[in-house]
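> fold the following and give me the result.
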Amino acid sequence: MDTPRAVLAVDEGNARVRFSVRWFGVVTVRGTFDRITGTLEVPGNGHEPNVSVAVDSTSVRTGIGLRDRHLRGLRFLDSARHPVIEFASDRASRHNGVWDVKGRLRLRGLERNVPLSVRDEPVSAAERKLSAEFTVPRRPHAIGSARGIRRLNPLLWAIGNEVTLQVELLVPATMLAPEHAPAR
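Purely as a prediction, here's the structure:
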């Protein structure tokens, strides 16, 4: 017998992906990605949920057009060769009202395992917000790096190594089974 499952299409209407990185140690550069697709699947009978998200790297926005073009360029996201940033969960479990999600992040052709602590918060009687914040080191992904004499550019060395990502997803409350609700 098939177990009932709920599937939610993830897009920019119900998901947000934001990032921040320190610059010169005193300024925080913030931005968003405007185009997001994916699915969240919550099977019934206590089975693990699955999530897959694809972010269009060309949709990066910081509010400064020149910076956005640089971020889409070869030294940063290299959007021409790597137009999609992907995350796919491998497993998920809930402990004390927080989801522990393990998955794979693919960025600039490099895949790495990423652990997430996902908070589950009520927004209204009909909606819940799942949110996670995690960091990704930029140098192993060759983000903001250069070769040859260009690697001596002090502006590239002024960028902090850790990029903080914040992900939020609005989910219908009915999608989460009672055993998935946060502990009281």
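
> may I see the buried residues of stretch 17-28?
By neighbour count on 16 or more other Cβ atoms under 10 Å, the buried set for stretch 17-28 is 17, 19, 20, 21, 22. (Glycine included, C-beta is placed from N, CA and C.)

> kindly report the same for stretch 164-176.
Buried residues in stretch 164-176, counted by 16+ other Cβ under 10 Å: 164, 165, 167, 168, 169, 170, 171, 175, 176.

> what helices or strands is the helix or strand in which the third one is found leaning on?
In this structure, residue 167 is located in strand 162-172 according to DSSP states H and E. Other helices and strands packing on strand 162-172, by 3 or more Cβ pairs under 8 Å, 6 or more residues apart in numbering; DSSP states H and E, are strand 5-11, strand 15-23, strand 127-137.

> name the residues that touch the second one?
Think strand 15-23. Strand 15-23 is contacted from outside by 28-33, 36, 38, 53, 55, 138, 158-160, 162-170, using Cβ atoms under 8 Å, 6 or more residues apart in numbering.

> longest helix anywhere in this structure?
With DSSP state H setting the assignment, residue counts place helix 65-72 as the longest helix in the chain.

> and what about residue 91, helix, strand or coil?
Under the three-state scheme (DSSP: H, G, I helix; E, B strand; the rest coil), residue 91 adopts strand.

> residues contacting the residue nearest to it when sequence neighbours are not counted?
Distances taken as Cβ to Cβ, 6 or more residues apart in numbering place residue 102 nearest to residue 91, at 5.2 Å, with adjacent residues excluded. Remark: with contacts taken as Cβ under 8 Å, 6+ apart, residue 102 is in contact with 89, 90, 91, 92, 113, 114, 115, 116.

> quick check: bridge partners of residue 102?
Assessed by DSSP bridges, residue 102 has beta-bridge partners residue 91, residue 115.

> for this protein, give me the ranges with low pLDDT.
1-4, 45-46, 144-158, 177-184 (pLDDT under 70).

> circling back to that earlier point, could you dump the contacts of residue 102 to TSV with neighbour count and distance to residue 10?
Formatted as TSV, the contacts of residue 102 follow (neighbours: other Cβ atoms under 10 Å; distance: Cβ to Cβ, whole Å):
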residue	neighbour count	distance to residue 10
89	21	12
90	12	17
91	11	19
92	19	15
113	9	21
114	19	17
115	10	20
116	22	15
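
> mind listing what residue 35 touches?
Neighbour list for residue 35: 12, 55, 56, 58, 59 [criterion: Cβ under 8 Å, 6+ apart].

> by neighbours, which of those residues wins?
residue 55 (24 neighbours; other Cβ atoms under 10 Å).

> from memory that residue sits against residue 33, does it?
Yes - if you go by Cβ atoms under 8 Å, residue 55 and residue 33 touch, sitting 4.7 Å apart.

> what touches both of the two?
Both residue 55 and residue 33 are in contact with 17, 85, where contact means Cβ under 8 Å, 6+ apart.
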